[in-house]
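Colleague: please find the sequence and the predicted model below.
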Amino acid sequence: KMLSSQNQLLSELSLVTPAQAESLQAQGFGDEFVAYLSGTETPIYIPNGKAPTLRAEQYQDVVSTLNQLAEQTPDAEAVACDGLSYTFKELYEKSSQLAHYLR
């Protein structure tokens, strides 16, 4: 159950459990998890590397953010589940294929 009340703000939701947060922090994802647009600069944490800082001077959608990360860190792992993983470059390529198919 994610919501404690129907009036709860989305910014108050935790997307990871405390155990998941601890595991991610141990992998080098940083000390806390902050919504991307909560400040003027919010780091995108990348394990085993220096986190690039993306400026949020104006609204940037998820697709643009992922495309930017694919350019900056193409070989960094973007998604992993059940032993499968995709780098940001592979995620970009797969999403482009899907977008082309849906047109």
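Modeller: Perfect, I can see it now. Numbers count the residues shown, from 1 in each chain.
Colleague: export the helix or strand encompassing residue 101 to PDB, keeping only CA atoms.
Modeller: Using DSSP states H and E, residue 101 maps to helix 88-102. In PDB, the C-alpha atoms belonging to helix 88-102 read as follows (Å, rounded to 0.1, in the frame of the first residue of the first chain):
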ATOM      1  CA  PHE A  88      21.200   3.400 -21.100                       C
ATOM      2  CA  LYS A  89      22.300   3.000 -24.800                       C
ATOM      3  CA  GLU A  90      20.400  -0.300 -25.200                       C
ATOM      4  CA  LEU A  91      17.300   1.200 -23.400                       C
ATOM      5  CA  TYR A  92      17.400   4.200 -25.800                       C
ATOM      6  CA  GLU A  93      17.700   1.800 -28.800                       C
ATOM      7  CA  LYS A  94      14.800  -0.300 -27.600                       C
ATOM      8  CA  SER A  95      12.600   2.700 -26.800                       C
ATOM      9  CA  SER A  96      13.300   4.100 -30.300                       C
ATOM     10  CA  GLN A  97      12.300   0.800 -31.900                       C
ATOM     11  CA  LEU A  98       9.100   0.800 -29.900                       C
ATOM     12  CA  ALA A  99       8.300   4.400 -30.700                       C
ATOM     13  CA  HIS A 100       8.900   3.800 -34.400                       C
ATOM     14  CA  TYR A 101       6.600   0.700 -34.300                       C
ATOM     15  CA  LEU A 102       3.800   2.600 -32.600                       C
END
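Colleague: what residues of it count as buried?
Modeller: 88-92 (16 or more other C-beta atoms under 10 Å). To be clear about C-beta, it is placed using only N, CA and C from the backbone, and glycine gets the same treatment.
Colleague: tell me if residue 78 really is in a strand.
Modeller: Yes. Counting by DSSP: H, G, I helix; E, B strand; the rest coil, residue 78 is part of a strand.
Colleague: burial measure for it, as a count.
Modeller: 18 (other C-beta atoms under 10 Å).
Colleague: against residue 92, how distant is it?
Modeller: 9 Å (C-beta to C-beta, to the nearest Å).
Colleague: quick check: neighbours shared by the two?
Modeller: Any residue near both residue 78 and residue 92 by C-beta atoms under 8 Å, 6 or more residues apart in numbering counts here, and that gives residue 66.
Colleague: cool, thanks, talk later.
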